[in-house]
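Q: structure, please.
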Amino acid sequence: MDYDYGHMKRLQQAWVKFAEAFEPNFFITLTDPTEPHLMAMRENLGRFCGRVDRTVLGKKFARHLPSERTDGIFFIEHVGSNIHAHGLLRVPDTSLETFDKLALKQWHRVCRDGKYNLQEVYNCAGVADYCTKEMTRFRFSPDQIAFTRDFMKEVSR
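A: Residues are numbered from 1 along each chain as shown. Prediction:
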């Protein structure tokens, strides 16, 4: 299959629209300077989300519905070198200050040498466009997208 920039750009724009409809309240960037592999980053993202939910919701956090937990999507960039993930998160009932302290602590427990940046989302389309910029590149893989729900076990009530 030939590379088609126009097709990839339309795909990126569709993800931007999806992110806008999702209405995230936080934009987070997480780096792992020690492990440049995609699957390791995905595992770290899952551990991070689990730690955040456990801290907020307690030991039985997995019994909560996804809408009550940290919900969002990560776009992983620069696989193989300087790997990092941009996340658009919807975190219920929390302020930037509160979530900033919690998320920083949990990311450093998952990835001690990792860097971290958290911001509130004011312009969702602009932030989503930035998060998805690597989608238009030739080597982009769908595995570079990770939903927080990918890390959750199915909940039955």
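Q: in this structure, which ranges drop under the pLDDT threshold?
A: The chain contains residues with pLDDT under 70 at 1-3, 154-157.
Q: again, only using 80
A: 1-3, 138, 153-157 (pLDDT under 80).
Q: got the contact list for residue 55?
A: Applying C-beta atoms under 8 Å, 6 or more residues apart in numbering to residue 55 gives the contacts 102, 106. In short, each C-beta sits where N, CA and C put it, glycine included.
Q: just so I have it, where are all the strands in the protein?
A: 26-31, 71-77, 84-90, 116-120, 145-147 (DSSP state E).
Q: just the buried residues of the fourth one, please?
A: Of the residues in strand 116-120, those buried under the neighbour-count criterion (16 or more other C-beta atoms under 10 Å) are 116, 118.
Q: what residues does that strand touch?
A: Residues from elsewhere that reach strand 116-120, judged by C-beta under 8 Å, 6+ apart: 25-31, 96, 99-100, 103-104, 107-108.
Q: likewise the second one?
A: Residues external to strand 71-77 that are found in contact with it (C-beta under 8 Å, 6+ apart): 19, 22, 24, 26, 30, 38, 41-42, 45, 83-91, 131-135, 144-149.
Q: in PyMOL, how would I select the buried members of the residues you listed?
A: Restricted to buried positions by 16+ other C-beta under 10 Å, the PyMOL selection for the contacts of strand 71-77 reads:
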select buried, resi 19+24+26+30+38+41+42+45+83+84+85+86+87+88+89+90+91+131+132+134+135+144+145+146+148
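Q: who's in contact with the closest residue to residue 34 other than its chain neighbours?
A: Spatially, and ignoring its direct neighbours in sequence, residue 34 is nearest to residue 113 (5.7 Å; C-beta to C-beta, 6 or more residues apart in numbering). Residues near residue 113 by C-beta under 8 Å, 6+ apart: 32, 33, 34.
Q: for this structure, what spans make up the helices?
A: Per DSSP state H, the chain carries helices over the ranges 5-22, 38-57, 96-110, 124-131.
Q: adding distance to residue 73, write those helices out as TSV.
A: Output for those, formatted as TSV (distance: least, C-beta to C-beta, whole Å):
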stretch	distance to residue 73
helix 5-22	7
helix 38-57	10
helix 96-110	16
helix 124-131	8
